[in-house]
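Peer 1: got a sequence here, can you model it:
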Amino acid sequence: MEKICFIINPVSGTQKKDAWPELIRRGIDGKRFDTEILFTERQGHAHELAFRQVKEQTPYVVAVGGDGTVNEVAAALRDSNSALGILPSGSGNGLARHLHIPLRLSDALKMIGTARVQTIDYGLANDKPFFCTLGAGFDAHVSEKFAHTRKRGFRKYVAIIAQEFILYRPQWYKLKYEGKSMEINAMLVTVANSSQYGNNGYISPLADISDGQLDICILLPFPKILAPALAARLVGKTIHKSPYYRTFRCRELSIVRSQAGVIHMDGDPCVMDSELYIKIVPGGLKVLTG
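Peer 2: Residues are numbered from 1 along each chain as shown. Have a look, this model is predicted:
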């Protein structure tokens, strides 16, 4: 039998998870897997629990939560022989959606029973890992506001975007990459490893999570009247065709801002220095996919 450990974040998303351990045990193949189920108790605890599983050489460690929980678990599993599984239960579920992992618990559990191990890239920003996207600008601003609200879910996220967009002002950034540099005034600069933020908002529709490159996505200032059209492009996977969008690929870069401040990594806000050193780590994480 192969050991599989489920790390559940009980406060992720909007669903209660009291009954999930029993549902997991029913849905997983008991003849193949020796199942352990753990609950997180605080921020950062998922990383601690997952790192312990790496030390115990557990083959499969499943993050049960949103992108923040996935980030904590994946950060512990990177560059190891343990593979990441995901039971998505957050607000955005960006990495799960990119990897075509079902959002229904029963379907995701069924997929784990037949999953294959795929190797994907991850990014480092000032030595801190991210797996979907890193953002500086409006997306980071929204992430910070969302993190401090009591209500969760997609509707609340959209409400914050609408509210904050009215007052937000573009910022200047200096980008240096592979012998080139540019200064640009932008609404946001997003570094994408995968294609989307979450909730099928495709900031980088052509991104390949295993190509050994980062997709740099820049949204230029645009007339506010065009916001609904750009939102439709984001969902429709055509944002890269907008005249207000710029993109290029590289293996590493630095982003210089006017001052230290908030960025987001996989949807969660954090404060970093004014200069961000970012690079790709090719094939650094094993994941379970259908």
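
Peer 1: got the confidence number for the residue with the largest distance to the centre of the chain?
Peer 2: Among the C-alpha atoms of the chain, the one most distant from their mean position (Cα atoms, centre = their mean) is that of residue 31, at 32.5 Å. You'll see residue 31 listed with a pLDDT of 89.

Peer 1: kindly report the same for the one 3 residues further on.
Peer 2: Residue 34 is assigned a predicted lDDT (pLDDT) of 95.

Peer 1: contacts only, for it.
Peer 2: Residue 34 makes contacts with 1-4, as judged by Cβ atoms under 8 Å, 6 or more residues apart in numbering. Every residue, glycine included, has its C-beta placed from N, CA and C.

Peer 1: just the buried members of these?
Peer 2: Among the contacts of residue 34, those buried by neighbour count (16 or more other Cβ atoms under 10 Å) are 3-4.

Peer 1: next, format the contacts of residue 34 as a markdown table and append pLDDT.
Peer 2: A markdown table is the format used below for the contacts of residue 34 (pLDDT from 0 to 100):
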| residue | pLDDT |
| --- | --- |
| 1 | 86 |
| 2 | 93 |
| 3 | 96 |
| 4 | 96 |
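
Peer 1: just flag the most distant two among the contacts of residue 34.
Peer 2: Among these, the pair separated by the greatest distance (Cβ to Cβ) is 1 and 4, at 9.3 Å.

Peer 1: tell me, what's touching those two both at once?
Peer 2: Residues touching both residue 1 and residue 4 (Cβ under 8 Å, 6+ apart) are 33-34.

Peer 1: and the contacts of stretch 225-243?
Peer 2: Outside stretch 225-243, the residues that touch it by Cβ under 8 Å, 6+ apart are 165, 200-206, 217, 219, 222, 244-245, 247.

Peer 1: do that again at 6 Å, thanks
Peer 2: Under the contact criterion Cβ atoms under 6 Å, 6 or more residues apart in numbering, stretch 225-243 has outside partners 200-202, 205, 245.

Peer 1: tell me how this structure divides into domains.
Peer 2: Here the domain assignment for the chain is 2-114, 128-282, based on automatic domain parsing.

Peer 1: could I get the ones you listed in a markdown table, plus columns for distance to residue 290?
Peer 2: Shown next, in a markdown table, are the domains of the chain (distance: least, Cβ to Cβ, whole Å):
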| stretch | distance to residue 290 |
| --- | --- |
| domain 2-114 | 4 |
| domain 128-282 | 15 |
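
Peer 1: give the contact list for residue 269.
Peer 2: Shown here is residue 269, whose contacts under the criterion Cβ under 6 Å, 6+ apart are 143-144, 147, 262.

Peer 1: find the nearest non-adjacent residue to it, please.
Peer 2: Taking Cβ to Cβ, 6 or more residues apart in numbering, and ignoring the residues beside it in sequence, residue 269 has residue 144 as its nearest neighbour in space, at 4.1 Å.

Peer 1: and the one you found, what element?
Peer 2: Residue 144 is part of helix 138-147 when elements are defined by DSSP states H and E.

Peer 1: quick one: name whatever helix or strand follows that helix.
Peer 2: For helix 138-147, the succeeding helix or strand toward the C-terminus, using DSSP H and E, is helix 154-165.

Peer 1: that following helix: how far from the chain's middle?
Peer 2: Relative to the mean C-alpha coordinate of its chain, helix 154-165 is positioned 19 Å out (Cα atoms, centre = their mean, to the nearest Å).

Peer 1: could you say what helices and strands that helix packs with?
Peer 2: Secondary structure elements in contact with helix 154-165, counted by 3 or more Cβ pairs under 6 Å, 6 or more residues apart in numbering; DSSP states H and E, are helix 138-147.

Peer 1: for this structure, name the helix or strand with the lowest mean pLDDT.
Peer 2: Lowest mean confidence among the helices and strands of the chain (mean pLDDT, DSSP states H and E): helix 154-165, at a mean of 83.
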